[in-house]
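**Student:** attaching a predicted model along with its sequence, questions to come.
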Amino acid sequence: MLVALAFVWYGAMVCLLAFKVSPETVHSISGYRTAYDFLAGLTPGDIDDRVRLTAGLAGLAALIVFGYLAFRELPRPHLARSDVNLTKEDARGATAVAPRALERAAEIAVAVNPAVVTAAGRLDDDEMSINLRIRQARDLPGALRDTQRRARQALDEHGVPVTAVNVTITGFDRSTRRELS
């Protein structure tokens, strides 16, 4: 905060000099010439062990803070989804299913419910998320329970170890397109 204020203050002094305010007036306000003369007059003998220790610790603190911030800004790779292994590999091979095939199986199982208009599934590491569009709001509680049950049943039939099925309502199909005011 203090460094930012110093930059703003001395930036204002530079602007004053740019607008042809006399250097003596700017020096009397800011003392920039005194600070410059002091820093220009430093010799190697003026830097003792205490100053070196302070500068080193400040540099180490800056390295840690800015290093952490830089690390947090590194882009993380997005790993593509891979096949779901249903059995362990043995002498005859392994059984693997593409995630989209399992999503489609859950979508078809859910679409049997007459309250469901559309369903879209997404299989993550160990959970299935299903987005639903249903016909009417009054069908909501039954559609949610039935969708979760049917999706879990479809995945169990295919031997998929899914721990959670999340259902989200994304919209309703109104029976009329007319809005009442």
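**Tutor:** Nice, thanks for sending it over. Residues are numbered from 1 along each chain as shown.
**Student:** for the residue nearest to residue 164 when sequence neighbours are not counted, which residues are in contact?
**Tutor:** Nearest non-adjacent residue to residue 164, counting by CB to CB, 6 or more residues apart in numbering: residue 127, 4.2 Å away. To be clear about C-beta, it is placed using only N, CA and C from the backbone, and glycine gets the same treatment. When contacts are counted by CB atoms under 8 Å, 6 or more residues apart in numbering, residue 127 touches 162-166.
**Student:** next, count neighbours for residue 106.
**Tutor:** When neighbours are counted by other CB atoms under 10 Å, residue 106 registers 28.
**Student:** for residue 139, which three-state class applies?
**Tutor:** helix (DSSP: H, G, I helix; E, B strand; the rest coil).
**Student:** name the nearest residue to it, sequence neighbours excluded.
**Tutor:** Residue 139 sits nearest to residue 115 (CB to CB, 6+ apart), 3.6 Å away.
**Student:** does that neighbour really touch residue 143, like I thought?
**Tutor:** Yes. In terms of CB atoms under 8 Å, residue 115 counts as a neighbour of residue 143; the distance is 4.3 Å.
**Student:** of these two, who's got more company?
**Tutor:** residue 143 (22 against 16).
**Student:** pull out the buried residues from whichever helix or strand residue 38 is part of.
**Tutor:** Following DSSP states H and E, one finds residue 38 within helix 32-40. Within helix 32-40, the residues that count as buried by 16 or more other CB atoms under 10 Å are residue 32.
**Student:** how about stretch 68-85?
**Tutor:** The neighbour-count check on stretch 68-85 (16+ other CB under 10 Å) flags residue 84 as buried.
**Student:** repeat for stretch 122-139
**Tutor:** 123, 128-132, 134-135, 139.
**Student:** also stretch 101-114?
**Tutor:** 102-103, 105-107, 109-110, 113.
**Student:** got JSON lines for the residues you listed, with distance to residue 88 too?
**Tutor:** Putting the buried residues of stretch 101-114 into JSON lines (distance: CB to CB, whole Å) gives the following:
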{"residue": "102", "distance to residue 88": "18"}
{"residue": "103", "distance to residue 88": "23"}
{"residue": "105", "distance to residue 88": "22"}
{"residue": "106", "distance to residue 88": "24"}
{"residue": "107", "distance to residue 88": "28"}
{"residue": "109", "distance to residue 88": "26"}
{"residue": "110", "distance to residue 88": "30"}
{"residue": "113", "distance to residue 88": "35"}
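**Student:** mind putting the residues you listed in a markdown table, secondary structure and distance to residue 45 included?
**Tutor:** Converted to a markdown table, these look like this (DSSP: H, G, I helix; E, B strand; the rest coil; distance: CB to CB, whole Å):
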| residue | secondary structure | distance to residue 45 |
| --- | --- | --- |
| 102 | helix | 75 |
| 103 | helix | 74 |
| 105 | helix | 80 |
| 106 | helix | 78 |
| 107 | helix | 79 |
| 109 | helix | 83 |
| 110 | helix | 81 |
| 113 | coil | 86 |
